[in-house]
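**Q** Structural data only, the sequence is not supplied:
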């Protein structure tokens, strides 16, 4: 019992550091792409509250959303936001990792206001039986 | 017999008391070795903790090799894959090779791969090269 809860505490700390390192590497790649001119929009990943309705077995207690904010200097259209989301969801390894690390919601937002799109990560893991 | 045993035990207890008193006297006069042994133990324990932490950090780094998730490709694909996909799906469509069966087959395979990887610009670029080589298409 005690060992189990100790393991849970260790796992929590371990996952926390993995989550932040994933967010950091996403942000550094986005910065490099923006600076070099490959991307016209600066993307920034954040950990957000997430959606309670999208919870799954591996979801964290709090902060279960992986939010990508787009700083474009203009209002991005819905199709552009969906495209960014679809590209992230098409990378199977990334989606699996997000799910394992306790995220359940992918959000793509514009820089101001709450305008954005939301995806349930569980729907995008291809599980073969 | 019992008397002998009692005397023997009494002697042993006296001897042990004497030895403890002797040790206390020497420790108060000279250097106390027990403290040094305890300090040494602490140093060894500290060193072991440091080593295990370092190993864990290395493991964490190895768990997330940068090559595994290609964020550069993901961000590039978010903005540039659409154009590439549109270009490839027109140029590599199998209907463009109705007379040549061999080319039609290759184009069909390529077209399927292109539509599977429409959100991955790295793979689309590879497929573009393949199309240039196999189908002799000029982009």
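**A** Good, I have the coordinates. Just so it is clear, the model here is predicted, and its values are computed rather than measured. Numbers count the residues shown, from 1 in each chain, chains lettered A, B, ... in the order given.

**Q** In terms of pLDDT, where does the closest residue to chain A within chain B sit?
**A** Here chain B gets closest to chain A at one residue, residue B:71, 3.6 Å apart by Cβ to the nearest Cβ. From N, CA and C alone the C-beta is placed, and that goes for glycine too. Residue B:71 is assigned 93 on the pLDDT scale.

**Q** residues in contact with the closest residue to it other than its chain neighbours?
**A** In this structure, residue B:71 finds its nearest non-sequential neighbour in residue A:29, 3.6 Å apart by Cβ to Cβ, 6 or more residues apart in numbering or on different chains. By Cβ atoms under 8 Å, 6 or more residues apart in numbering or on different chains, the contact list for residue A:29 reads B:71, B:72, B:74, B:75.

**Q** For the closest residue in space to residue A:45 that isn't next to it in sequence, identify the helix or strand it belongs to.
**A** Using Cβ to Cβ, 6+ apart and skipping the chain neighbours, the partner closest in space to residue A:45 is residue A:26 (4.3 Å). According to DSSP states H and E, residue A:26 maps onto helix A:2-36.

**Q** likewise residue A:106?
**A** Using DSSP H and E, residue A:106 maps to strand A:105-110.

**Q** Give me the neighbour count for residue B:75.
**A** Close neighbours of residue B:75, defined as other Cβ atoms under 10 Å in any protein chain shown, add up to 27.

**Q** Show residues contacting stretch A:112-119.
**A** Against stretch A:112-119 from outside (Cβ under 8 Å, 6+ apart): A:51, A:67, A:75, A:78, A:81-82, A:85, A:89, A:105-110.

**Q** Tell me the one of these nearest residue A:9?
**A** Proximity of those to residue A:9 (Cβ to Cβ) peaks at residue A:105, which lies at 24.8 Å.

**Q** For the closest one, give its distance to residue B:139.
**A** Using Cβ to Cβ, to the nearest Å, residue A:105 is found at 39 Å from residue B:139.

**Q** Residue A:110 now?
**A** From residue A:110 across to residue B:139, the span is 34 Å (Cβ to Cβ).

**Q** same thing with residue A:64?
**A** Using Cβ to Cβ, we find residue A:64 at a distance of 43 Å from residue B:139.

**Q** Tell me which of those two has more neighbours.
**A** Neighbours around residue A:64 and residue B:139, counted as other Cβ under 10 Å, are more numerous at residue A:64. The numbers are 23 against 10.
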